[in-house]
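Asks: Quick one, fold the following:
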Amino acid sequence: MRVLVISDVHANQVALEAVLSAAPSFDAIWNIGDTVGYGPRPSECLDLMTDRGAAPVLVGNHDLACIGDLDLADFNPVAQIASRWTSSQLTAEHRTYLKKLPAMTTVDGYTLAHGSPRAPIWEYVTNAAIATDNFACLDSDVCVIGHTHIAMYASLRAGQATAEIHRLRDGETLDLLQARYIVNPGSVGQPRDRDPRAAYAMLDTDQGTLTAHRIEYDIRATQRQMALADLPEVLIDRLAWGM
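Replies: Numbers count the residues shown, from 1 in each chain. Predicted coordinates:
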């Protein structure tokens, strides 16, 4: 099975549509969470997920904040503004959809968690120590995460006591049969690894491989949509910086 793996769309419809158009043929979409928040098209991005039959779709911390299931006091002031605006755009159906989503699940032997397997909503896997601790929480050999908006992977080979952390670069293919992996495909809608291109990955479950991809999209179109929605300028500017 060929799977399109996406995460952290953050209501960036232009980026999401670019990914869906550019991705090689696939049999399923796995969405690792935070479909909404920050960006200008929350309803449209949720509708694209249902229209394209994405499953599983995870819930992320921004998704939960936008439906009132996380306290906005836990977010910075800019994220609070964006969350309140997003909440005003969601229909009752969108809220029900988000409320039913898990933050972590297992599919065909792959663990999917928005933040980490140890703490699916909030934990950021950013270094080898955190990754090593999370491998101890995993029953599977491969876990796909999101949340940091940084394309990366952690590997733990037989006999190793500490995981290794690496950037996941455009075009790089991981042989998932050679080690245990925690993989972050990066963010579709708001990358933070100094590469503003939308990030996604293609997983081949038959071959046991995962390939990273980046695709350019019309950043200015999304920025114009955000400006019309009166979203914070810092959120608008950062799309062009990839950080």
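
Asks: Who are the contact partners of the nearest residue to residue 37 once chain neighbours are set aside?
Replies: Leaving aside its chain neighbours, residue 37 sits nearest to residue 62 (2.9 Å; criterion: CB to CB, 6 or more residues apart in numbering). C-beta coordinates here come from the backbone N, C-alpha and C atoms, glycine included. Listed by CB atoms under 8 Å, 6 or more residues apart in numbering, the contact set of residue 62 reads 10, 34, 36, 37, 38, 79, 83, 86.

Asks: please redo it, this time with the cut-off set to 7 Å
Replies: 10, 34, 36, 37, 38, 83 (CB atoms under 7 Å, 6 or more residues apart in numbering).

Asks: Kindly report the same for residue 204.
Replies: Residue 204 neighbours (CB under 7 Å, 6+ apart): residue 2.

Asks: so how far is residue 182 from it?
Replies: 18 Å (CB to CB, to the nearest Å).

Asks: Quick check: longest helix in the chain by residues?
Replies: The residue-count maximum for a helix in the chain (DSSP state H) belongs to helix 77-89.

Asks: which stretch of helix or strand covers the residue of the chain most remote from its centre?
Replies: Within the chain, the residue lying farthest from the chain centre (CA atoms, centre = their mean) is residue 159, at 30.4 Å. According to DSSP states H and E, residue 159 maps onto no helix or strand at all.

Asks: which SS class is residue 166?
Replies: Counting by DSSP: H, G, I helix; E, B strand; the rest coil, the backbone at residue 166 sits in strand.

Asks: in the chain, which spans are strands?
Replies: For the chain, the strands defined by DSSP state E cover 2-6, 28-31, 104-107, 110-113, 142-144, 152-156, 164-167, 173-175, 180-184, 198-204, 209-215.

Asks: Distance to residue 238 and mean pLDDT added to those strands, as TSV?
Replies: Listed next are the strands of the chain as TSV, based on distance: least, CB to CB, whole Å; pLDDT from 0 to 100:
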stretch	distance to residue 238	mean pLDDT
strand 2-6	19	98
strand 28-31	22	98
strand 104-107	28	98
strand 110-113	25	98
strand 142-144	24	98
strand 152-156	19	98
strand 164-167	19	97
strand 173-175	28	98
strand 180-184	18	98
strand 198-204	14	98
strand 209-215	17	98
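
Asks: Residue 136 is nearest to which of these?
Replies: strand 152-156 (9.7 Å; CB to CB).

Asks: Distance to residue 237 added to the strands of the chain, as a markdown table?
Replies: Formatted as a markdown table, these follow (distance: least, CB to CB, whole Å):
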| stretch | distance to residue 237 |
| --- | --- |
| strand 2-6 | 23 |
| strand 28-31 | 26 |
| strand 104-107 | 33 |
| strand 110-113 | 30 |
| strand 142-144 | 29 |
| strand 152-156 | 24 |
| strand 164-167 | 24 |
| strand 173-175 | 33 |
| strand 180-184 | 24 |
| strand 198-204 | 17 |
| strand 209-215 | 20 |
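
Asks: Mind jotting down where the helices sit in this protein?
Replies: Taking DSSP H as the criterion, the chain carries its helices at 13-22, 42-51, 61-66, 77-89, 92-99, 128-135, 219-228, 233-241.

Asks: a markdown table please, covering those and showing distance to residue 187.
Replies: Below are the helices of the chain laid out as a markdown table (distance: least, CB to CB, whole Å):
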| stretch | distance to residue 187 |
| --- | --- |
| helix 13-22 | 9 |
| helix 42-51 | 13 |
| helix 61-66 | 12 |
| helix 77-89 | 15 |
| helix 92-99 | 18 |
| helix 128-135 | 19 |
| helix 219-228 | 13 |
| helix 233-241 | 10 |
